[in-house]
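Visitor: The following block contains a protein sequence and its predicted model.
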Amino acid sequence: MLRRRFLTLFVLVLVAAAISLGAVAQDDALVIWADGERAPLLAELATQFTEEFGVPVEIQQFGLGEARDQLLVAGPAGEGPDILITAHDSIGQFVANGAIVPVNLGDRVSEFTDLSIDLFTYNNQFWGIPYATENIALIRNVDLVPEAPATWDDVRTIAEQFKADGTADYAFLVQTGNTYHNFPITSAWGGYIFGQNEDGTFNVADVGLGSEGGLTAAHWLSGMYADGLMVPNVNDDVVFEFFGAGELGMFVTGPWFSQRIIDSGVNYSIDPLPGAVGGKEVGTPFAGGQGFVISAFSDKQLEAETFLLDFVATPEFMQAIFDQGGRPPAFLAVDTSADPNIAAFTAAGVGAIPMPAIPEMAAVWGASDAALTAISTGGDADEAIAGAVAQIANAIGLMSSTERIVTLPGAFNMALGCAGDWDPACRNTELTLQDDGTYAGTFDIPAGTYEYKVAINLSWAENYGADGAKDGANLVLELAADSTVTFVFDDTTHVVTTTVE
Amino acid sequence: MAVANAKVGVPAGAPSSHPQNSTLWTVLKYLGLALFNAFTLLLVYAFFRDENLGLAAVFLVIGVGMNTIFFVPSLYPLRWMSPGLALITLLVIYPIIYTVLTSFTNFGDGHRLPKSQAITQIERIGGFIIPEDAPRYSVVPYRNDAGTVALWLSNATETIFVPSGGAIQTITDPPAEPPADYDGYTQVPRRELLPTLREAQSLPFGDEDDVITVSGREAIRATIVPRFDYDEAQDAIIDRTDDTIYRANEKTGYFVGPNGRPLQNQPGYRVGVGLYNFERMISDPGLRGPLIDIFVWTVAFAFLSVLLTFIVGLAMALVMNDPRMPGRTIIRSLLIIPYAIPGVISIVVWRGMLNLNLGVITNVWNDLFGVRPGFLIDPWLAKFSILLVNTWLGYPYMMLICSGALQAIPSDVYEAAAVDGAKPWQRFWGITLPLLLVSVGPLLIASFTFNFNNYLLIEALTGADAPNIPNSPVPARYTDILISYTYNIAFGNRGSDYGYASAITIVIFLVVAVVTLMQYRFTKTWEQVGENV
Amino acid sequence: MSSTAKAPKHVHHESRMVQSGRERAVGLTLRLIVVGIAIVFALFPVLFIVLSAFNPAGQLSSGLSIPRVNEFSDLFNNFEALLVTELDIWPFWRWIANSFIVATTSTILTVLISALSAYAFSRFRFRGRRQMLLGILLVQVFPNLLALVALFLMMDQISALSRIIPQIFAFLQGSFLGFLADPGSWQWLNTFGLNSLGGLILIYLGGAMGVNTWLMKGFFDSIPRDIDESAHVDGATDWQIFWLLIFPLVRPVLAVVGVLAFVGTFNEFVLARLILRDTQNWTLMVGLFQFINADFNRDWGKFAAGALVSGIPVVIVYLSLQRQIVGGLTAGAVKG
């Protein structure tokens, strides 16, 4: 009995499966990967495009992060999309993998906001058609906090007052352990993520969390938590719950929650972020953007470009995206009057700092989030930040380990124009890779006796000393007179040889 | 019993099998095998032709293996497992081999492509060197009856018309819109616009001194050259803007310029790096950090998860096994519901319930005792919460297999015990549990190893809330288990570093394998118990 | 113990339950308390999922409050959107059908494949038996993060076969074997490649011969060998013994493995997402996950509603197999 039932079921299922297994694969279609919100809008455009050019279009749904990961795997195998939607900060990773092609906007650059053009420019090339930008702002319960605070110290004053008179539970809460939402506090005092070189590129050896401003901000946070003015374990749900219940005066969030702010039923105002005494007048959040990019693995780049420039970058379609999404549009012609919050968010985003798209950012998020979490539960601010800075340096040292940067931290560093002696991150002492596989450099050094070591990738994490020993004793350089010294470092034996002229 | 133990496989085609239609059966068998072999060989050849040697090898192994199993009589028992073995080889062992091979490469972000494809991409993405003062035009393509393509080119200053291979004609007083017909050429319809433009990219326009090139959707009145091209003789990419030579470095998988710096913002390629990824693990400060604490917690977490889920699951199965229990069917179905709901949503709900500020559990605790425990932010409570949630997620599984396994215990065993006057507790410890362990013991090991690598639970439940271990060289949480900690090292820093992650994976596997082997020794005892039943 | 077990007789067990009335009452009360606690523990988190499913705001319920709505019918917004109004965007019923096909097919094949292997492991003694058992356990515990990449590339290759194979046979064009060079005759291979339910089923079967084989082997071991012996003496083949004798006897474990495999494949997301591209081809879990895949504004309401709906088939499958799993103690064995 059982066997017969089992077999019958088996046969039935096989038949059903065979009927419905038919795979749909159109090799000649223009494939677009879009998220669930944009996909239905694109479907309408696709029909028009097909009618006009006779090229079928297939829209497949992928979340933004998912699309990025899958493009990098599927693209090289020829199974990727021709066009995909991405956040601007993935561009660095795409470029490093040769996964997207630059887009030639020509004169049409002027149709987009400057910010969106900035965000989609990487390495002096332009990589996509932006449709939205975003930044966080200060959301305020007008009944509880009638005037927007000008500085974070004012925020603290309001919080103390709340605590004293019991107006509400909290004056201000911020999402715990979240660098993105905490960044305006850091930046208000002049803290930053990475320093910038003269040419505008980032100097990943200069981590700004540990700068004076970054530390001041960390101490402010630490004080708020220590005095019970803020609580840990806060996320979006927590802030909205307290805000809606009238127990929270202010918090930060972005335009993606525009509707949720309205739904909270609170008499609210969206303001620019506070500044700091001795820092910036107005706080600056991160700016982010979203847009369409063209896969470099696509064999239909002409079609993709036409679709984006003639069909997507049009006032009608950009308006439709805006009406659906609620983020500040990247396209100037879009009418945003329907959403009163947008103007306020845009105003709060004036001067926003484009979130760096460089791959090194990945190292920052984890370490900085961890430090913020530690501060929220009473960890020492200086220790937490120092730990994060060390972690970031470690991670960046590790990641660039295939392209090794060799420097000579030592007592002669300042003589070569470094900011200080014994600085592994000073590139003035850098040795460059020679054709024979060794690293070499020639420097003019004044007379004297100097100790020094060899550091790899601008940090002490990997360093070599006398006789090529890892973490070994200091090397010694003795110069009777001012000399030109050539250092040669063999990365297989880790031994340094010097030639003095 | 002794007879059964001595039996060593019945040889193929033993006289006892299918005495009535043995000839037909044999013919069918060989026909089936012939078809299988033909198809497998076809696949092997097809993969080989497509230069996918890995898959070709796997199918070859499967084909040879199946034939061996079929023709060697002493491998008769394996015939029963042949479908399972073939699938496991293709879908489990092949990916493992792929991982092992990857651990010897630099596969990861920046090195995802094979060299040839990286070169193609660099040439393609690098764009062209276009003289700055070269006039640019928007293009409208035309075609005559002979199929010759011509271009109507216009910009702010001039409008020209140029047939492929013909002379450039400047049009004075151009109409506002390009005409439908011009000089015997007809404007191509929209539908053929893109194919024609693509064709035009490879056609010559203008003459030697005055070249017009179609690039994408525009035309440029100049000779344009690709910025990067690959020189096979030097095995190098040459940047034509300043003729810098970037030599392929087979050690690092980069095209390296004269200053020792790789070609910036262009992909590198995949190369073998030998044991480099393993050496890196030794020098990685992250792997010298809080690794011992994390390892101890990982083992404790996996062990306690199995223990707790097993205790709860078994208790439920035993209670539900009693026929006097009212409403058994309903209750059992209710108890299975946690298993029916996707784990992700359950974990997120638990995360909300345990939140310090508005979690229901925290609130109730606050009402009862006046304190808010940091279920997710206190180092010890966070560990406790993880175990609690994992017990919730896992007990229905244990309940299911225990319910099934309880059926395998012959009732006469109980009967004998009852005659001996054994109390219920004695019956449980003396009979039920040992016999149960015979069938579920290996599953407990499997459950242990699953939890050892239970990345999703740790990430989704504690995420950024979890307390951090201070002074760790890489971000580490008190709740991190080996796999979540090491994956954050391999994937958290610069996108994905598959080569390094694979090396870490292999080391973790060795650890799990040792732990599993140690536990496996116990199953010998279990099996002997089973044999004696 | 072994002396009592040497000559097993299978009889029903009611006779052993000799307890006094008081003992019985206490035992039952205790059981009810345990069961009560267990049910609260099991269902309390589910309550939140239910509340979220009925909450039109699309957020996960954070308190035990009844969702705030203007009209009663708004409570069903999430369900209505999923099951009725937004079918042109989310083909929900299609997803359920796909999930069913995938889960049922792979469950049946999994049960069959692992039962065959377990039978061999339980009944035959051969060299390397324990090593193989250990081996299939070990390969399953390999933390295989790269499996996704490897499997994706494999599926991609299988999709490419329908293009490559006709090229191989191109020389046969025109002959009576010309059909081999026709791409049309190889299209069926695509039903096992990327973006196909067949390919997904194939991948799921990779896990067929893992832990399940162990579970079944343990159960097979507990079926006395005497049954096989006497059948062998009567001239039955191994296949006949397996299919006619043992298979019906091990119903409980077949049902357990069946439920495990069904739940596992029905709720699987990662592999399904990797293989299935078109919305029409998605399984239910892939469909549901895109509601919470947005970077910030996740629609937990629809996800929760879908998760509840998707829980129903699992409970139904369990209910229908429950009798097999916990039915009369080895009742079937008496027939042997």
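Guide: Perfect, I can see it now.

Visitor: When you work out contacts or count neighbours from here on, use the C-alpha atoms and nothing else.
Guide: Fine.

Visitor: Which parts of chain C are strands?
Guide: Taking DSSP state E as the criterion, chain C carries no strands.

Visitor: Tell me where the model's unsure across it.
Guide: Low-confidence segments of chain C (pLDDT under 70): C:1-20, C:61-69, C:295-297, C:327-336.

Visitor: Find the closest residue to chain B in it.
Guide: Nearest residue of chain C to chain B (CA to the nearest CA) works out as C:Gly218 at 3.9 Å.

Visitor: Please tell me how far that residue sits from C:Val256.
Guide: Distance of C:Gly218 to C:Val256, given as CA to CA, to the nearest Å: 13 Å.

Visitor: Please apply the same query to A:Ala74.
Guide: In terms of CA to CA, A:Ala74 sits 37 Å off from C:Val256.

Visitor: Have a look at the two and say which one is more surrounded.
Guide: C:Val256 (28 against 19; other CA atoms under 10 Å in any protein chain shown).

Visitor: Now do the contacts for the closest residue to chain A within the stretch 101-250 of chain B.
Guide: Closest approach of the stretch 101-250 of chain B to chain A (CA to the nearest CA) occurs at B:Arg191, with a separation of 4.1 Å. Listed by CA atoms under 8 Å, 6 or more residues apart in numbering or on different chains, the contact set of B:Arg191 reads A:Glu52, A:Phe53, A:Gly54.

Visitor: Please pick the buried ones from those residues.
Guide: Burial by neighbour count, judged by 16 or more other CA atoms under 10 Å in any protein chain shown, picks out A:Phe53 from the contacts of B:Arg191.

Visitor: Out of the contacts of B:Arg191, which comes closest to chain C?
Guide: Of the contacts of B:Arg191, the one sitting nearest to chain C (CA to the nearest CA) turns out to be A:Gly54, at 20.9 Å.

Visitor: Which residues does stretch A:423-439 contact?
Guide: So stretch A:423-439 is contacted by A:205, A:405-410, A:413, A:416-419, A:440-441, A:443, A:455-460, A:487-491, B:258-261 (CA under 8 Å, 6+ apart).

Visitor: Tell me which of the residues you listed fall in strands.
Guide: A:Ala205, A:Val406, A:Thr407, A:Ala440, A:Gly441, A:Phe443, A:Ala455, A:Ile456, A:Phe487, A:Val488, A:Phe489.

Visitor: can you redo those as CSV with pLDDT, neighbour count and distance to A:Asp89?
Guide: Formatted as CSV, the ones in strands among the contacts of stretch A:423-439 follow (pLDDT from 0 to 100; neighbours: other CA atoms under 10 Å in any protein chain shown; distance: CA to CA, whole Å):
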residue, pLDDT, neighbour count, distance to A:Asp89
A:Ala205, 80, 21, 20
A:Val406, 88, 26, 29
A:Thr407, 90, 28, 30
A:Ala440, 89, 20, 35
A:Gly441, 89, 19, 36
A:Phe443, 91, 16, 39
A:Ala455, 89, 26, 30
A:Ile456, 84, 24, 28
A:Phe487, 93, 19, 39
A:Val488, 92, 21, 39
A:Phe489, 91, 24, 37
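
Visitor: which bits of the stretch 51-200 of chain C sit near chain A?
Guide: C:62, C:89, C:101-102, C:104-105, C:108, C:149, C:152-153, C:156, C:190-191, C:195-198 (CA under 8 Å from any CA of the partner chain).

Visitor: Can you lay out the ones in strands among the contacts of stretch A:423-439 as CSV showing distance to chain B?
Guide: Putting these into CSV (distance: CA to the nearest CA, whole Å) gives the following:
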residue, distance to chain B
A:Ala205, 15
A:Val406, 11
A:Thr407, 13
A:Ala440, 10
A:Gly441, 11
A:Phe443, 16
A:Ala455, 14
A:Ile456, 12
A:Phe487, 15
A:Val488, 14
A:Phe489, 13
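
Visitor: Having no further points to raise, I will conclude here.
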